[in-house]
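>>> model this:
(2 chains)
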Amino acid sequence: AQKVTQAQTEISVVEKEDVTLDCVYETRDTTYYLFWYKQPPSGELVFLIRRNSFDEQNEISGRYSWNFQKSTSSFNFTITASQVVDSAVYFCALTVYSSASKIIFGSGTRLSIRP
Amino acid sequence: GVTQSPTHLIKTRGQQVTLRCSSQSGHNTVSWYQQALGQGPQFIFQYYREEENGRGNFPPRFSGLQFPNDSSELNVNALELDDSALYLCASSMIAEDGYTFGSGTRLTVV
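Predicted coordinates for the structure are as follows:
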């Protein structure tokens, strides 16, 4: 069975602070894909990143960076110099190659950036 | 992008509801998710080229259709109070590339 755990339910930081959102996943499949989505108050899920299980390179996109470590089954997301517009619920998600129709989401982390 | 209608809906327990989704042009796969308040989305089912291609742990009263014109429907019969949630539609060309989600339909069952 597959599972995604986001242990941080809510995080609140002051603007310009760095913040890391944790994600731990479980799967026995060797081929899988990990995602991060952002859900602003409007409700839609905004795709941020996809990583496949064979690519452990960390990725940086502007103020966003992702740290994928297969050894600890973690796929953490860091926002550098946070801004108020980053306030949203963030979901880590997993899909496995053998069942690519289904995305398994974590329970989400609500991030609040205070001015 | 992906558009969903209506944005909000209130139904009475026992009624039936149809939610609609227009996929991103060219996407041949559409999935539906249920997101209860404060939780992550839960997979309901997926359609690929108008055939159901995977289903989550939802009862048969949740059904769907996908049409050739990039539109799809989620039908829920015999509504229960616990069906109150945000229903999200997502489309994709290749599942591994990620899905494009709509803004959802918020269903309230009273």
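
>>> hey, let's count contacts and neighbours off CA atoms from now on
Fine.

>>> Up against chain A, what does chain B have?
B:31, B:38-43, B:45-46, B:53-54, B:56, B:88, B:95-104 (CA under 8 Å from any CA of the partner chain).

>>> count of residues packed around residue B:8?
Neighbour count of residue B:8, defined by other CA atoms under 10 Å in any protein chain shown: 11.

>>> Give me the phi and psi angles of the residue in chain A positioned nearest to chain B.
Per CA to the nearest CA, residue A:44 is where chain A lies closest to chain B, at 3.8 Å. Per-residue torsions, residue A:44: phi -70, psi 150 (degrees, to the nearest 10).

>>> And it, how close does it get to residue B:104?
6 Å (CA to CA, to the nearest Å).

>>> The two: which has the busier surroundings?
A direct count of neighbours by other CA under 10 Å for residue A:44 and residue B:104 places residue B:104 higher, at 30 against 21.

>>> Compute the number of surrounding residues for the closest residue in space to residue A:63 that isn't next to it in sequence.
The shortest distance from residue A:63 to any non-neighbouring residue, by CA to CA, 6 or more residues apart in numbering or on different chains, is to residue A:80 (5.0 Å). Residue A:80 has 16 neighbours, counted by other CA under 10 Å.

>>> Could you tell me the end-to-end distance of stretch A:95-115?
36 Å.

>>> May I see the buried residues of that stretch?
By 16 or more other CA atoms under 10 Å in any protein chain shown, the buried positions in stretch A:95-115 come out as A:95-96, A:100-113.

>>> Now residue B:87. Nearest residue, chain neighbours left out?
That would be residue B:34: by CA to CA, 6+ apart, it lies 4.7 Å from residue B:87.

>>> could you give the mean pLDDT of the helix or strand hosting that neighbour?
Using DSSP states H and E, residue B:34 sits in strand B:29-35. On average, the pLDDT along strand B:29-35 is 94.

>>> Only alpha carbons, please: show it as PDB.
Extracted C-alpha coordinates of strand B:29-35, given in PDB (Å, rounded to 0.1, in the frame of the first residue of the first chain):
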ATOM      1  CA  THR B  29      -7.400  11.200 -19.100                       C
ATOM      2  CA  VAL B  30      -9.700  12.700 -16.500                       C
ATOM      3  CA  SER B  31      -9.800  11.900 -12.800                       C
ATOM      4  CA  TRP B  32     -12.200  12.900 -10.000                       C
ATOM      5  CA  TYR B  33     -11.200  13.500  -6.400                       C
ATOM      6  CA  GLN B  34     -13.200  14.200  -3.200                       C
ATOM      7  CA  GLN B  35     -11.700  16.600  -0.700                       C
END
